[in-house]
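Engineer: Coordinates for the following, if possible.
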Amino acid sequence: MDKRSAASSRVEETLDPKDWAELRALSHRIVDDAIDYLSQVRERPVWRNMPDMVRESFSAPLPRTPKPLEEIYASVAENVLGYPMGNIHPRFWAWYMGSGNFTGALGEFLAAVQGSNVGGGNHAAALMDQQVVNWCKEMLGFPTTASGTLVSGGSVANIVGLTVARNVKAGIDVRAHGIGDRPLCFYGSDQSHSCHRKAVELFGLGDRALRRVATDAELRIDIAALRRAIEQDRASGRLPICIIANAGTVNTGAIDDIQALADLAAEFGLWLHVDGCIGALLRIAPENAWRVAGIERADSIALDPHKWLHAPFEAGCVLVRDAAAHRGTFAVTQEYLDSTVRGLASAPWLYDYGLQTSRGFRALKIWMSLMEHGIEKFGRLVEAEPQLELVAPTNINIACFRYHPENMTAERLKAVNTEIMLRLQDEGTAVISDTMGHGEHCLRVAINADGEIVAGGGIGCHKVLRGCKRHRVAAGSCAGRVSGAGVAWSMRTISVIAASRCGSLLAV
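Structural biologist: Numbering: from 1, shown residues only. You can find the predicted model right below:
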């Protein structure tokens with residue numbers, strides 16, 4: 001048999017399963033296991049350190065030959081599902097992340113099955129993508145004429161918004177000629193997220209282009225100091241172009257005075273960008289929307305549906321008031337993607353509004369969750385967060401505190417509190433983090449779960465509370481300035497747990 005005959009007789013290979021019935025049975029089992037995994041989450045430790053054998057499994061060589069899918073799933077169940085980051089657990093309080101939801105997970109699965117590239121075009125996934133963006137505009141009070149795009153998360157959402165700001169306010173055709181010779185200046189508080197530094201560095205402006213303005217006692221940007229910085233930069237020949245407002249800082253949850261910043265931006269002709277990845281969606285909570293008053297006046301907003309809307313990762317969004325400026329910042333006409341009067345290419349190309357040409361179908365998991373629960377329910381869940389009333393200076397569900405016995409140096413205090421944090425993690429009791437507030441080391445809790453999960457967390461702490469009556473966690477100088485005296489819920493569910501460990505920690 002010659003080579004041509006051998007080739008023609010060879011069975012065509014595909015990635016389809018050999019037995020669809022076997023795949024169906026295993027898939028049903030995976031779904032059942034997934035439901036058990038989520039429904040029993042409270043019974044597991046928040047986090048576990050991986051044993052060496054599990055860690056070594058991720059050093060296995062590239063597979064050369066097939067392996068049964070059932071065997072592959074068994075490995076995933078044991079080595080991956082058994083050792084999660086822990087952020088879906090009700091006592092994961094280290095960083096501000098969403099807890100996801102099962103409906104969203106089903107949406108993620110269906111999006112992968114449907115497999116659409118949502119770079120644009122005339123198909124259902126692209127229309128749903130635009131629909132979810134329109135819903136986000138409605139939630140935040142943006143006009144229907146505004147634009148937006150779904151992205152991976154808050155960092156990219158902020159970078160997209162700031163890129164539009166740069167192009168609009170630079171005073172030069174940046175796409176054709178670059179940024180020019182006049183130094184551009186962006187302004188944010190000294191509590192701003194690191195993604196803003198990455199943005200100005202990506203722009204080729206250097207870190208010094210991000211002017212970090214001092215904050216007040218509540219860690220909000222100091223408006224008077226901001227005004228002085230803008231005036232000084234103008235006087236020195238620099239070009240102020242953008243104010244970055246925080247609608248909830250990652251560090252402590254501080255919310256800038258957005259109304260005052262909107263007034264200042266209008267006075268100086270600057271772009272107002274709101275980093276709302278932590279707190280923008282307070283606007284859907286009727287009794288707490290006042291905390292982000294003025295957000296609807298922004299030129300651009302970054303938000304994260306994978307936080308308070310609990311969409312599975314990844315799900316970010318950026319909204320831009322000037323749709324033409326948004327598209328003008330990113331659109332590139334490609335001859336192989338020319339629009340047509342009908343057919344697949346007869347609808348807008350969504351890649352014209354961001355960095356990606358290939359775009360996943362992120363909208364479906366958000367859409368399904370919103371359809372199932374309705375925005376009013378999500379608003380009630382935001383209202384139900386106890387911290388919204390109790391963490392007075394930050395106005396959001398992030399609290400900073402520390403164990404503070406008398407006569408202990410700052411270095412010793414940091415060592416003891418760090419050990420508290422690590423022991424809570426090692427035991428699987430709770431995962432908290434640490435940070436700095438006004439130059440002092442603090443423990444930090446960032447609680448982002450729906451009301452049921454928060455309640456579950458409180459119940460999980462009850463046994464610890466009963467044995468801790470003799471202990472006290474002082475709100476100390478750090479907590480007093482960062483989170484105030486009104487952190488009753490967090491002190492009950494977090495600080496007393498920490499205090500119960502402190503007796504043995506003083507000898508560390």
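
Engineer: for the lengthiest helix in the chain, packing partners?
Structural biologist: The residue-count maximum for a helix in the chain (DSSP state H) belongs to helix 20-39. Identification of packing neighbours for helix 20-39 by 3 or more CB pairs under 8 Å, 6 or more residues apart in numbering; DSSP states H and E yields helix 69-79, helix 102-114. Placement of C-beta: from N, CA and C, glycine included.

Engineer: Of the ones you listed, flag the one that's most buried.
Structural biologist: The highest average neighbour count among the helices and strands packed on helix 20-39, using mean count of other CB atoms under 10 Å, belongs to helix 102-114 at a mean of 17.

Engineer: Alpha carbons of the next helix or strand after that helix, as PDB, please.
Structural biologist: Scanning forward in sequence from helix 102-114 by DSSP states H and E, the next helix or strand is helix 124-140. Output of helix 124-140 as PDB, limited to C-alpha atoms (Å, rounded to 0.1, in the frame of the first residue of the first chain):
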ATOM      1  CA  ALA A 124     -27.100  36.100  20.100                       C
ATOM      2  CA  ALA A 125     -24.000  36.100  22.400                       C
ATOM      3  CA  ALA A 126     -23.000  39.500  21.100                       C
ATOM      4  CA  LEU A 127     -26.500  40.900  21.600                       C
ATOM      5  CA  MET A 128     -26.500  39.500  25.200                       C
ATOM      6  CA  ASP A 129     -23.100  41.100  25.800                       C
ATOM      7  CA  GLN A 130     -24.500  44.500  24.900                       C
ATOM      8  CA  GLN A 131     -27.700  43.900  26.900                       C
ATOM      9  CA  VAL A 132     -25.700  43.200  30.100                       C
ATOM     10  CA  VAL A 133     -23.600  46.400  29.500                       C
ATOM     11  CA  ASN A 134     -26.900  48.300  29.100                       C
ATOM     12  CA  TRP A 135     -28.100  46.900  32.400                       C
ATOM     13  CA  CYS A 136     -24.900  48.000  34.100                       C
ATOM     14  CA  LYS A 137     -25.500  51.500  32.700                       C
ATOM     15  CA  GLU A 138     -29.000  51.500  34.100                       C
ATOM     16  CA  MET A 139     -27.800  50.400  37.500                       C
ATOM     17  CA  LEU A 140     -25.300  53.300  37.700                       C
END
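
Engineer: can you tell me the average pLDDT over the next helix or strand after helix 124-140?
Structural biologist: Moving toward the C-terminus from helix 124-140, the next helix or strand (DSSP H and E) is strand 147-151. Mean pLDDT, computed over strand 147-151, is 98.

Engineer: Mind giving me the packing neighbours of strand 147-151?
Structural biologist: Short answer (3+ CB pairs under 8 Å, 6+ apart): strand 147-151 packs on helix 124-140, helix 154-169, strand 316-320, helix 323-330.

Engineer: coming back round to it: if you count neighbours, what's buried in the longest helix of the chain?
Structural biologist: 26, 37 (16 or more other CB atoms under 10 Å).

Engineer: Mind giving me the packing neighbours of whatever helix or strand comes next after that helix?
Structural biologist: The helix or strand immediately downstream of helix 20-39 is helix 52-57, counting by DSSP H and E. Secondary-structure packing of helix 52-57 (3+ CB pairs under 8 Å, 6+ apart): helix 69-79.

Engineer: quick one: the helix it packs on to helix 20-39, angle?
Structural biologist: Calculated by axes from the mean of the first three to the mean of the last three CA atoms, to 10 degrees, helix 69-79 forms an angle of 10 degrees with helix 20-39.

Engineer: and helix 69-79, what does it pack onto?
Structural biologist: Counting contacts by 3+ CB pairs under 8 Å, 6+ apart, helix 69-79 is packed against helix 20-39, helix 52-57.

Engineer: And the helices in the stretch 351-500 of the chain, which stretches?
Structural biologist: Assigned by DSSP state H, counting those that start in this stretch, the stretch 351-500 of the chain shows helices spanning 363-373, 375-384, 387-390, 410-427, 451-466, 476-482, 488-490, 496-505.

Engineer: Of the helices and strands packed on helix 69-79, which is nearest Ala125?
Structural biologist: Between Ala125 and these, the tightest spacing by CB to CB is seen for helix 20-39, at 22.1 Å.

Engineer: Please export the C-alpha coordinates of that closest one as PDB.
Structural biologist: Taking Å, rounded to 0.1, in the frame of the first residue of the first chain, the C-alpha atoms of helix 20-39 are listed here in PDB:
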ATOM      1  CA  TRP A  20     -21.300  10.000  24.100                       C
ATOM      2  CA  ALA A  21     -23.400   7.900  26.600                       C
ATOM      3  CA  GLU A  22     -20.300   7.500  28.800                       C
ATOM      4  CA  LEU A  23     -19.600  11.200  28.600                       C
ATOM      5  CA  ARG A  24     -23.200  11.900  29.600                       C
ATOM      6  CA  ALA A  25     -23.000   9.700  32.600                       C
ATOM      7  CA  LEU A  26     -19.700  11.200  33.800                       C
ATOM      8  CA  SER A  27     -21.000  14.700  33.200                       C
ATOM      9  CA  HIS A  28     -24.100  14.100  35.300                       C
ATOM     10  CA  ARG A  29     -21.800  12.800  38.100                       C
ATOM     11  CA  ILE A  30     -19.700  16.000  37.800                       C
ATOM     12  CA  VAL A  31     -22.800  18.200  38.200                       C
ATOM     13  CA  ASP A  32     -23.900  16.200  41.200                       C
ATOM     14  CA  ASP A  33     -20.500  16.500  42.800                       C
ATOM     15  CA  ALA A  34     -20.400  20.200  42.100                       C
ATOM     16  CA  ILE A  35     -23.800  20.700  43.800                       C
ATOM     17  CA  ASP A  36     -22.500  18.700  46.800                       C
ATOM     18  CA  TYR A  37     -19.300  20.800  46.800                       C
ATOM     19  CA  LEU A  38     -21.100  24.100  47.100                       C
ATOM     20  CA  SER A  39     -23.900  22.900  49.400                       C
END
